[in-house]
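A.B. asks: for reference, the sequence and a predicted model appear below.
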Amino acid sequence: MSLINRLRVVIVGGGAAGFFGAIACAQANPNAEIVLLEAGRQPLTKVRISGGGRCNVTHACFEPAVLAQNYPRGGKALRGALTRFQPRDIVTWFSQHGVELKTEADGRMFPITDNSATVVNCLLNVAKDAGVKLRTETPVMAVYSAKGTEENGRFEVELKSGEMLKADRLLLATGSNPRGYKIAKSLGHTIEPPVPSLFTFNIKDVRLADLAGVAVKTARVRLPEAKLEQTGPVLITHWGLSGPAVLKLSAWGARFLHDRRYNTSLAINWLPESKIEALREQMQAVRSQLPRKAIGTSCPFPIPRRLWSRLLAATNIESEKRWSEISNKAINQLIAELTQSRYQITGKGVFKEEFVTCGGVTLKEVQFKTMESRPCPGLFFAGEILDIDGITGGFNFQSAWTTSWLAGQAMAN
């Protein structure tokens, strides 16, 4: 291929999706001229800070149909895409490029170095070796569909400096940056309004006050109005509640909670693995077997003692009382507090530095075999600019790897 006819590819966004799309395209077509534009001073900032600086690369779920169930929005569209590039493929890819991953007990996968710099340096080096031209501090102001012959390029990319770049293929991998949405809209796409996903709950309640750091291994959290629930670990924080179950519920309830302005009722079952009748029998057994024991120091259930004391206080049961002094009515009230307590969400926090949004480019306007735009041929999408978001655990990075790999392969042709 002559230099005159080299395929010109411009990628907007220097995050995980932008880099991996650039690399996939360059490796599939070594003759392509690929320019990667990053508005900030440093690329891959989200990769650097994710997972507490360890980078949760993906999740050890290798069955696409099961994996797709971890995406509150986009799971159906991703299902086919994940059959073409899934966690096993990204694990292999990184291994081939000198980065070994390990699996933790909850399925999250990290580099064995426990350092996100390992992943960042790998992507930087592979992109450089593949001939990708990275330009940082290069914001894109607008993109125009170029008029004229195919040889002149399908797109003109206007930079903040006033420079214009021509491109035969354009990949938008701008994450949840409003400018990315604006460009997509200008090229004929519909944008689902972006709202936060993956966040903690602000709850001011005397039952949780001063319990920051207390964790419950298994609890069920429910949004009664939305008929949504999640079960898993819950962490009490200075501002309310966090932990995997809360974060998953925030993802599935993202639009509902946004519409309610993050003010709604939350139901908690602190003992979801036990039926109410079994709990009653357990308490009655303790009452008969340990009648002289103080209730506050002899909790028969797998919840932290400090939380147990607060729940006793919420039902007006003094911790110093002996089990023999507890009536059946008090037992029923305590069971209700343990399994059906209501708390009021009054706002949202953030989950560490991992800002995730739902919303973005409407999925029906994208061909998921190639990630190419339906209304604008030659335009491709990858990552969080799409109306796709996953729960916590490496799923958002996996959707970025999958969509950008498909886009990179398709753009190379």
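C.D. replies: Alright, I've got the coordinates. All values derive from a computational prediction rather than experimental measurement. Numbers count the residues shown, from 1 in each chain.

A.B. asks: hey, let's count contacts and neighbours off CA atoms from now on
C.D. replies: Will do.

A.B. asks: now stretch 26-37, how far from the centre of its chain.
C.D. replies: Between the mean C-alpha point of stretch 26-37 and the mean C-alpha point of its chain there is a distance of 29 Å (CA atoms, centre = their mean, to the nearest Å).

A.B. asks: now do stretch 129-145
C.D. replies: 26 Å.

A.B. asks: mind listing what's buried along that stretch?
C.D. replies: Buried residues in stretch 129-145, counting neighbours by 16 or more other CA atoms under 10 Å, are found at 130, 131, 132, 134, 135, 136, 138, 139, 140, 142, 143, 145.

A.B. asks: doesn't the second one lie inside a strand?
C.D. replies: The one in question is residue 131. No - Residue 131 is assigned coil when assessed by DSSP: H, G, I helix; E, B strand; the rest coil, not a strand.

A.B. asks: that one touches residue 26, doesn't it?
C.D. replies: Yes - look at residue 131 against residue 26 with CA atoms under 8 Å: they come within range, at 7.1 Å.

A.B. asks: now for those two: what residues contact both?
C.D. replies: The contact sets of residue 131 and residue 26 overlap at residue 34 (CA atoms under 8 Å, 6 or more residues apart in numbering).

A.B. asks: from the buried residues of stretch 129-145, which land in strands?
C.D. replies: With strands taken from DSSP state E, the overlap with those comprises 134, 135, 140, 142, 143, 145.

A.B. asks: who's in contact with the nearest residue to residue 234 once chain neighbours are set aside?
C.D. replies: Distance criterion CA to CA, 6 or more residues apart in numbering; nearest residue to residue 234, sequence neighbours excluded, is residue 243 at 4.5 Å. Under the criterion of CA under 8 Å, 6+ apart, the neighbours of residue 243 are 200, 233, 234, 235.

A.B. asks: considering those residues, which possesses the most neighbours?
C.D. replies: Of all the contacts of residue 243, residue 200 has the most neighbours under the rule other CA atoms under 10 Å, reaching 26 neighbours.

A.B. asks: now do the helices in the stretch 1-150 of the chain.
C.D. replies: For the stretch 1-150 of the chain, the helices defined by DSSP state H, counting those that start in this stretch cover 16-28, 45-53, 64-67, 75-84, 87-96, 116-129.

A.B. asks: nope, the stretch 251-400 of the chain is what I meant
C.D. replies: Using DSSP H, counting those that start in this stretch, helices in the stretch 251-400 of the chain cover 254-259, 276-289, 305-314, 328-340, 395-412.

A.B. asks: just send these back as JSON lines, with distance to residue 177 and mean neighbour count too.
C.D. replies: Shown next, in JSON lines, are those (distance: least, CA to CA, whole Å; neighbours: other CA atoms under 10 Å):
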{"stretch": "helix 254-259", "distance to residue 177": "18", "mean neighbour count": "18"}
{"stretch": "helix 276-289", "distance to residue 177": "48", "mean neighbour count": "15"}
{"stretch": "helix 305-314", "distance to residue 177": "41", "mean neighbour count": "18"}
{"stretch": "helix 328-340", "distance to residue 177": "40", "mean neighbour count": "17"}
{"stretch": "helix 395-412", "distance to residue 177": "15", "mean neighbour count": "26"}
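
A.B. asks: the ones you listed: which one's closest to residue 90?
C.D. replies: Of all the helices of the stretch 251-400 of the chain, it is helix 395-412 that lies closest to residue 90, at 7.3 Å by CA to CA.

A.B. asks: mean confidence score for that closest one?
C.D. replies: Throughout helix 395-412, pLDDT has a mean value of 98.

A.B. asks: verify the contact between residue 78 and residue 69 for me.
C.D. replies: No - counting by CA under 8 Å, residue 69 is not a contact partner of residue 78; they are 9.7 Å apart.

A.B. asks: more neighbours: which of the two?
C.D. replies: residue 78 (24 against 16).

A.B. asks: run through the residues that contact the residue in the chain sticking out farthest from the centre.
C.D. replies: Computed with CA atoms, centre = their mean, the maximum C-alpha offset from the centroid of the chain is found at residue 292, amounting to 49.4 Å. With contact taken as CA under 8 Å, 6+ apart, residue 292 is in contact with 322, 323, 324.

A.B. asks: quick check: the last one vs residue 312, distance?
C.D. replies: With the distance defined as CA to CA, to the nearest Å, residue 324 ends up 15 Å from residue 312.

A.B. asks: repeat that for the second one.
C.D. replies: Using CA to CA, one gets 12 Å for the distance from residue 323 to residue 312.

A.B. asks: the first one now?
C.D. replies: When CA to CA is the yardstick, residue 322 and residue 312 sit 12 Å from each other.

A.B. asks: isn't residue 25 right next to residue 380, touching?
C.D. replies: No - taking contact to mean CA under 8 Å, the distance of 12.0 Å between residue 25 and residue 380 leaves them out of contact.

A.B. asks: any idea which of the helices of the stretch 1-150 of the chain is most buried?
C.D. replies: Counting by mean count of other CA atoms under 10 Å, helix 16-28 has the highest mean neighbour count of these, with a mean of 28.

A.B. asks: the helix or strand residue 192 falls within pairs with which strands, parallel or anti?
C.D. replies: In this structure, residue 192 sits in strand 191-197 according to DSSP states H and E. Each strand pairing with strand 191-197, determined using DSSP bridges, is listed with its direction: strand 356-361 (antiparallel).

A.B. asks: buried sites along the partner strand?
C.D. replies: Applying a neighbour-count criterion of 16+ other CA under 10 Å, one finds 356, 357, 358, 359, 360, 361 buried in strand 356-361.

A.B. asks: need the pLDDT of residue 158.
C.D. replies: For residue 158, the pLDDT comes out at 98.

A.B. asks: so how far is the helix or strand containing it off the chain centroid?
C.D. replies: With secondary structure defined by DSSP H and E, residue 158 is part of strand 155-159. Distance of strand 155-159 from its chain centroid, counting by CA atoms, centre = their mean, is 31 Å.

A.B. asks: in stretch 219-229, which residues are buried?
C.D. replies: By neighbour count, and taking 16+ other CA under 10 Å as the criterion, the buried residues in stretch 219-229 are 219, 220, 221, 222, 223, 229.

A.B. asks: those residues into CSV, with extra columns for distance to residue 91 and pLDDT?
C.D. replies: Compiled in CSV, those are given as follows (distance: CA to CA, whole Å; pLDDT from 0 to 100):
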residue, distance to residue 91, pLDDT
219, 32, 98
220, 32, 98
221, 33, 98
222, 35, 98
223, 36, 98
229, 31, 98
